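Chemist: have a look; sequence and predicted model below, questions after that.
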There are 2 protein chains.
Amino acid sequence: MSDATFGRAPTLENPLLGLLLIRPMHGYDLHQVLIDNVGMVWHVRQSQTYSTLDRLERRGLIVGDIEEQANRPQRKVNSLTAAGRQRADKWLVTPGRCSVQIIRMDLPVRLFILAHLAPRRVPEVLADQRQAIFDGYMDMNRSLAAIPPDQPYNRMAVAFRVHQVWAMLEWLDHLLQSYQNNSA
Amino acid sequence: MSDATFGRAPTLENPLLGLLLIRPMHGYDLHQVLIDNVGMVWHVRQSQTYSTLDRLERRGLIVGDIEEQANRPQRKVNSLTAAGRQRADKWLVTPGRCSVQIIRMDLPVRLFILAHLAPRRVPEVLADQRQAIFDGYMDMNRSLAAIPPDQPYNRMAVAFRVHQVWAMLEWLDHLLQSYQNNSA
DNA sequence: TCGGATATACTCACTCAGTGAGTATATCCG
DNA sequence: CGGATATACTCACTGAGTGAGTATATCCGA
């Protein structure tokens, strides 16, 4: 997604698709789940949730059914299409690339969803993710070592990334540990 | 800038303004400087450079003078207006907020410019930056400690940030050290 | 009881940084 | 000589996210 062309890299598509794996939900509910669980670090506007859902529907990844309510406005309940489910399933268990932005945005939501759908799989998914980050870390170290000394600013910037990725590994280790402690 | 409304957070404005502190330059030259110095981590399209310069000019931060060349196409040399210079000066020496994205994008370029304009000031600017990051780190730790235990995903995401900011401090320490070694 | 505040649920017109593809003039080199 | 490359730049477009708003219903203090 950070290989975006035009526009921007969409940040909310996969998390919304993923949440719909848990159960079909209307926009307001989806939005509430995000606010309630990661609202301290991820400030999602309500209109962003809806515009993203519109896009997902336009792209055939979800369908919406209007539902009448007794004492509330009607709502549109979104569910995954086969294509949407496929994409969400893949996103849920496939290790994200070694990118700080992707891990930061996606992993907590992925873990939330896994906790609902397949709690037993969490350590495995975390270990896979750690491996992907570790591989990326090694690549970056090789890149850093290959930079000639007359490139101080490139060195500086790549070293920055190396530090960031190493911190991700540390964080993942803490996570893995806490999941292992909690399953003992 | 990550408090953006509409559009996106512009990433290239300040670096271009800052580079023009060194000397007036045309678009192609500015672009070359970026590619040559941070091109391994920052992939700037030529058209992005020009569209950003257009925006800066529209906003009265730079002016362009057409210059004829003997055996080359004419070029437009950009220089800072007073407002542009003010903004660039401030950006150059003011510590960036405690944001991984901002430090990652801006600090290597800021240091490159300082190396040209005021090499003696680099350690001081780095120390100021470190202080700002450290303050942010302490804030984040307080935030983390204040999250109730029934908020595992918010905790997870804030902890991620804490790790990232701590890695920034480590990186800055390495930088400070290398500048102090090189000035001994 | 009333009505402003809030909850539930969603829409719409807009913003605007960055993009790919292209243009123009000049030089290089097999 | 002419295709490739360097120098220097433009243009129409893309598209995710935004603020402000709409509509129905409930809450609760004066």
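Modeler: Nice, thanks for sending it over.
Chemist: my guess is A:N78 contacts A:E57, does it?
Modeler: Yes - taking contacts as Cβ atoms under 8 Å, A:N78 lies within contact range of A:E57: 7.4 Å. In short, each C-beta sits where N, CA and C put it, glycine included.
Chemist: what residues do these two have in common as contacts?
Modeler: A:V63, A:G64 (Cβ atoms under 8 Å, 6 or more residues apart in numbering or on different chains).
Chemist: those two: who's more crowded?
Modeler: The residue with more neighbours, out of A:N78 and A:E57, is A:N78; 24 against 16, by other Cβ atoms under 10 Å in any protein chain shown.
Chemist: three-state assignment of that one?
Modeler: Taking DSSP: H, G, I helix; E, B strand; the rest coil as the rule, one finds A:N78 in the strand state.
Chemist: ok, it - contacts?
Modeler: A:L20, A:P24, A:M25, A:H26, A:G27, A:L30, A:L53, A:L56, A:E57, A:I62, A:V63, A:G64.
Chemist: state the distance from it to DNA strand D.
Modeler: For A:N78, the distance to DNA strand D (Cβ to the nearest atom of the strand, to the nearest Å) stands at 16 Å.
Chemist: quick one: pLDDT of whichever residue of chain A sits closest to DNA strand D?
Modeler: Residue of chain A nearest DNA strand D, by Cβ to the nearest atom of the strand: A:G7 (2.1 Å). If you check A:G7, the pLDDT there is 81.
Chemist: could you report the neighbour count for it?
Modeler: 7.
Chemist: out of the contacts of A:N78, which end up buried?
Modeler: When the contacts of A:N78 are checked for burial by 16 or more other Cβ atoms under 10 Å in any protein chain shown, the buried set is A:L20, A:P24, A:M25, A:H26, A:G27, A:L30, A:L53, A:L56, A:E57, A:I62, A:G64.
Chemist: how about the helix ranked longest in chain A: buried residues?
Modeler: Using DSSP state H to define each element, chain A has its longest helix at helix A:152-182. Buried residues in helix A:152-182, counted by 16+ other Cβ under 10 Å: A:152-169, A:171-172, A:175-176, A:179.
Chemist: which ones among the buried ones among the contacts of A:N78 map onto strands?
Modeler: A:M25, A:H26, A:I62, A:G64 (DSSP state E).
Chemist: bridging residues for the first one?
Modeler: Taking DSSP bridges as the rule, A:M25 bridges to A:N78.
Chemist: tell me the contacts of it?
Modeler: If you count contacts by Cβ under 8 Å, 6+ apart, then A:M25 has A:L19, A:V33, A:V77, A:N78 around it.
Chemist: out of the residues you listed, which comes closest to A:P123?
Modeler: Comparing the contacts of A:M25 against A:P123 with Cβ to Cβ places A:L19 closest, at 21.6 Å.
Chemist: returning to that earlier point: gap between the longest helix of chain A and the chain center?
Modeler: 17 Å (Cα atoms, centre = their mean, to the nearest Å).
Chemist: okay, angle between it and helix B:152-182 too, please.
Modeler: 140 degrees (axes from the mean of the first three to the mean of the last three Cα atoms, to 10 degrees).
Chemist: what helices or strands is helix A:152-182 leaning on?
Modeler: Other helices and strands packing on helix A:152-182, by 3 or more Cβ pairs under 8 Å, 6 or more residues apart in numbering or on different chains; DSSP states H and E, are helix A:100-117, helix A:122-146, helix B:27-38, helix B:100-117, helix B:152-182.
Chemist: could I get those helices as JSON lines with mean pLDDT and distance to A:A88?
Modeler: Shown next, in JSON lines, are these (pLDDT from 0 to 100; distance: least, Cβ to Cβ, whole Å):
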{"stretch": "helix A:100-117", "mean pLDDT": "94", "distance to A:A88": "9"}
{"stretch": "helix A:122-146", "mean pLDDT": "96", "distance to A:A88": "14"}
{"stretch": "helix B:27-38", "mean pLDDT": "96", "distance to A:A88": "36"}
{"stretch": "helix B:100-117", "mean pLDDT": "94", "distance to A:A88": "27"}
{"stretch": "helix B:152-182", "mean pLDDT": "94", "distance to A:A88": "18"}
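Chemist: dump those helices to CSV, plus distance to DNA strand C.
Modeler: Shown next, in CSV, are the helices and strands packed on helix A:152-182 (distance: least, Cβ to the nearest atom of the strand, whole Å):
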stretch, distance to DNA strand C
helix A:100-117, 14
helix A:122-146, 21
helix B:27-38, 10
helix B:100-117, 9
helix B:152-182, 19
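Chemist: now these as TSV including distance to A:R72?
Modeler: Listed next are the helices and strands packed on helix A:152-182 as TSV, based on distance: least, Cβ to Cβ, whole Å:
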stretch	distance to A:R72
helix A:100-117	25
helix A:122-146	35
helix B:27-38	53
helix B:100-117	40
helix B:152-182	27
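Chemist: which of these sits closest to A:N37?
Modeler: It's helix B:152-182; of the helices and strands packed on helix A:152-182, that one is closest to A:N37 (Cβ to Cβ) at 4.4 Å.
Chemist: what angle do the closest one and helix B:122-146 make?
Modeler: 160 degrees.
Chemist: let me see the domain layout of chain A.
Modeler: Chain A resolves into domains spanning A:1-93, A:95-184 when parsed by automatic domain parsing.
Chemist: lovely, talk soon.
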